[in-house]
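Peer 1: Sequence first, predicted coordinates after that:
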Amino acid sequence: QAPLRNLFMFYIQTDIHYVTLKANMLRFTPSLVLMLDGKTVRPYAKVGFVLGTGKVFEEIVATDMGTEVKLKGELSGNLAPGFAASMGTIFALSEKVQLFAEFNFISMSYAPNKGEVTEATANGVDYLGLLTTSEKEVEFVDSYFVSDVIAQDPNSPSKELKQYLPFSSVGLRAGVRINL
């Protein structure tokens, strides 16, 4: 379930809908590098932690009885901690030129703490200005009382449970290293 879907369900009572999520993440990854010494082949391993921050962009398009509803939102705030590890080898062609190949892995989840509807249209007509603050903004929390949601102030962000989005990755990296 997409994080802003609960916020949008008031407007989308249909069986046909599409949800698209895109994200940007800036990551800081300090690492400890352990390398075996060799003349031409030097295997190494890197381990460290990852700290990231980013934004998730969500788009929901629904069609019901000839009406197309399009909603766009941004999820942001909070830091994403994680773990990073790599294994690779450096191949020395000369003192100044080296080839390298590396397998890397990042384990990280991101739980934004706020969300905002940035676009709301029905058949191309903008209705974002008609939404209350509680319909446009959401605060993601670890827990809340149901009575808080039932008695929601329309001038305050709504509350939803925090959801962790996967930002883990695996990859291969290869290249040329030139020592100046």
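Peer 2: Right, received. Where do you want to start? Numbering: from 1, shown residues only.
Peer 1: ranges for the strands of the protein?
Peer 2: Residue ranges of the strands in the chain, as given by DSSP state E, are 17-28, 31-35, 41-64, 67-76, 80-92, 97-110, 114-122, 125-126, 137-141, 158-161, 165-166, 169-178.
Peer 1: Relative to Gln152, tell me which of the ones you listed wins on proximity.
Peer 2: strand 158-161 (5.8 Å; Cβ to Cβ). (Each C-beta comes from the backbone N, C-alpha and C, glycine too.)
Peer 1: In a markdown table, list the strands of the chain along with distance to Ala151 and mean neighbour count.
Peer 2: As requested, the strands of the chain are arranged in a markdown table below (distance: least, Cβ to Cβ, whole Å; neighbours: other Cβ atoms under 10 Å):
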| stretch | distance to Ala151 | mean neighbour count |
| --- | --- | --- |
| strand 17-28 | 29 | 13 |
| strand 31-35 | 49 | 11 |
| strand 41-64 | 27 | 17 |
| strand 67-76 | 24 | 18 |
| strand 80-92 | 32 | 16 |
| strand 97-110 | 30 | 16 |
| strand 114-122 | 21 | 17 |
| strand 125-126 | 29 | 8 |
| strand 137-141 | 15 | 18 |
| strand 158-161 | 11 | 17 |
| strand 165-166 | 29 | 14 |
| strand 169-178 | 42 | 10 |
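Peer 1: For Ser147, find the nearest of these.
Peer 2: Each of the strands of the chain was scored for nearness to Ser147 using Cβ to Cβ, and the closest is strand 158-161 (11.3 Å).
Peer 1: Mean confidence (pLDDT) on that closest one, please.
Peer 2: What strand 158-161 shows for mean pLDDT is 88.
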